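**Q** pasting a predicted model and its sequence here:
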Amino acid sequence: MSVSNMSKPVEYLTNEQGERVGVLLDWNTYSRFANSLGLDEDCLIGLSVDELKALASCQLSLVEQTRLDDLVTRNAESLLCADEVAELDELLAKTDQLTILKNRARYTLKCLEQGTTAA
């Protein structure tokens with residue numbers, strides 16, 4: 001669904017009985033709303049507190065972590081072939097992205113906590 005040319009800052013979704021069941025915000029209105037909650041662009045919007053906590057504590061799978069540990073050890077000894085170096089680079093990039101997501105989840109939780117305690 002694409003709603004790129006909203007004429008109003010807020011539009012409502014209604015069910016067959018005419019009851020409002022949802023809302024569409026244009027980007028500017030959404031941004032102002034998100035900022036009024038003390039959230040910035042680094043916050044993960046749309047996730048529940050439980051989802052944020054789960055994300056903040058997630059890890060690579062055991063298989064991936066074991067493989068990463070093996071590749072790192074063998075790389076330190078210069079024992080990797082070109083395919084294994086590429087695999088190591090891919091796993092390290094995945095780890096970096098996961099670390100960024102985990103930190104954004106923690107940051108979002110902190111912002112939500114400060115917003116809750118400030119009210």
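**A** That came in fine, so what should we check first? Residues are numbered from 1 along each chain as shown.
**Q** for the rest of this, base every contact and every neighbour count on C-alpha atoms.
**A** Noted.
**Q** residues contacting Val72?
**A** Leu88 (C-alpha atoms under 8 Å, 6 or more residues apart in numbering).
**Q** roughly how far apart are it and Ala105?
**A** Using C-alpha to C-alpha, to the nearest Å, Val72 is found at 27 Å from Ala105.
**Q** and if you look at Tyr30?
**A** 20 Å.
**Q** so which of these two has more stuff around it?
**A** Taking other C-alpha atoms under 10 Å, Tyr30 and Ala105 do not tie; Ala105 has more neighbours (25 against 14).
**Q** verify the stated contact: that one with Leu44.
**A** Yes. If you go by C-alpha atoms under 8 Å, Ala105 and Leu44 touch, sitting 6.4 Å apart.
**Q** can I assume Leu79 sits in a strand?
**A** No. Checked against DSSP: H, G, I helix; E, B strand; the rest coil, Leu79 lies outside a strand; its state is coil.
**Q** can you give me the pLDDT of it?
**A** pLDDT, Leu79: 96.
**Q** got the contact list for it?
**A** With C-alpha under 8 Å, 6+ apart as the criterion, no residue contacts Leu79.
**Q** can you pull the phi/psi pair for it?
**A** Per-residue torsions, Leu79: phi -110, psi 10 (degrees, to the nearest 10).
**Q** for this protein, name the helix or strand with the lowest mean pLDDT.
**A** helix 27-36 (a mean of 69; mean pLDDT, DSSP states H and E).
**Q** what's the following helix or strand after that one?
**A** For helix 27-36, the following helix or strand on the C-terminal side (DSSP states H and E) is helix 49-56.
**Q** what's that next one in contact with?
**A** Residues from elsewhere that reach helix 49-56 (C-alpha under 8 Å, 6+ apart): 101-106, 108-109.
**Q** quick one: mean pLDDT over the following helix or strand past it.
**A** Following helix 49-56 in sequence order, the next helix or strand is helix 62-76 (DSSP H and E). For helix 62-76, mean pLDDT rounds to 97.
**Q** for the helix ranked longest in the chain, buried residues please.
**A** Using DSSP state H, we find that the single longest helix of the chain is helix 82-118. Within helix 82-118, the residues scored as buried using 16 or more other C-alpha atoms under 10 Å are 85, 87-88, 91, 95, 98-99, 101-109, 111-112.
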